[in-house]
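Trainee: I would like the atomic coordinates for the input below:
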Amino acid sequence: MQLKTWIAAALAAATCSVNAQNVLDNGSFETAGPGFVEFESWANFGNVFTADEGEIVAQDGSFTAKMFGASSGAQSDQVLTQNVAATAGVSYTLSGYCQNKSSDALGDENVILMQMVFRDSGGNGLLTVETDAIDTASDPFDTWVYSSVDAIAPAGTTNIDVFLLHIQLGADQGFPTQGGGASFWDNIVLSGGDAPCTNPADLNGDGELNFFDVSLFITEFSNGCP
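Mentor: Numbers count the residues shown, from 1 in each chain. Sure thing, here's the model as predicted:
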């Protein structure tokens with residue numbers, strides 16, 4: 001009976017949990033940076049500012065990142081970026097929340113993206129993946145919209161550049177009149193890799209609970225191993 005119970009428990013727990021630890025620093029923009037750096041651990045370009053709860057209720061914590069275009073008639077790029085170490089062959093997921101406020105609504109010329117660029121030790125781009133953080137045509141106003149993008153780090157990867165992008169297109173891209181508007185960002189997470197399996201039923205220590213652990217247990221049980 002004990003043998004059957006152990007086998008059933010082992011098979012029911014066939015995998016170990018994914019490590020959801022955030023490898024980004026200051027992903028919720030709670031800590032201000034020094035000087036012209038708006039947020040600690042992030043580099044910023046263009047119109048990037050801090051929004052407090054007097055302007056918007058944060059998705060996490062008390063502060064959010066706010067970006068908006070220059071509305072000068074030309075393309076205007078707003079960027080928050082952070083570089084982190086990465087390992088080839090590991091699956092990474094970039095996720096976070098973005099909001100389009102009805103009181104400061106985004107015009108159709110705004111492209112709001114989350115992006116990962118996998119790089120080698122020489123800084124060469126190996127793979128770029130991205131997703132819309134806000135779709136101005138379909139996402140609701142005044143709501144924290146969750147989005148994510150994932151990819152397996154290609155061979156040669158040593159680091160990832162994470163980009164939060166607010167691109168305001170201009171006359172050259174068919175938008176002679178720019179509607180303006182702001183994007184608000186919060187709770188940005190980059191997770192990757194599998195947590196080590198700590199289940200005592202993982203007898204062969206390979207990080208998985210599977211047939212091989214059951215087989216090893218039966219062998220040890222038959223040999224009288226306690």
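
Trainee: the helices in the protein, which residues?
Mentor: 2-12, 211-222 (DSSP state H).

Trainee: compare these and say which comes out lowest on pLDDT.
Mentor: If those are sorted by mean pLDDT, helix 2-12 sits at the bottom with a mean of 49.

Trainee: lowest-scoring secondary structure element of this structure by mean pLDDT?
Mentor: Scoring the helices and strands of the chain by mean pLDDT, DSSP states H and E places helix 2-12 at the bottom, with a mean of 49.

Trainee: show me what contacts the closest residue to residue 172 other than its chain neighbours?
Mentor: Leaving aside its chain neighbours, residue 172 sits nearest to residue 75 (6.7 Å; criterion: CB to CB, 6 or more residues apart in numbering). The C-beta positions use only the backbone N, C-alpha and C, and glycine is treated the same way. Taking CB atoms under 8 Å, 6 or more residues apart in numbering, we find residue 75 in contact with 167, 168, 169, 170, 172, 173.

Trainee: quick one: the closest residue to the first one other than its chain neighbours from residue 77, how far?
Mentor: In this case it means residue 167. Of all residues not flanking residue 167 in the chain, residue 111 sits nearest, at 4.3 Å (CB to CB, 6+ apart). As judged by CB to CB, to the nearest Å, residue 111 and residue 77 stand 10 Å apart.

Trainee: same question for residue 144.
Mentor: 24 Å.

Trainee: look at those two and report which has more neighbours.
Mentor: residue 144 (19 against 16; other CB atoms under 10 Å).

Trainee: local confidence estimate at that one?
Mentor: At residue 144, the model reports a pLDDT of 99.

Trainee: that one touches residue 101, doesn't it?
Mentor: No. Under the contact definition of CB atoms under 8 Å, residue 144 does not touch residue 101, with a separation of 10.9 Å.

Trainee: center of this protein, which residue is that?
Mentor: residue 94 (2.0 Å; CA atoms, centre = their mean).
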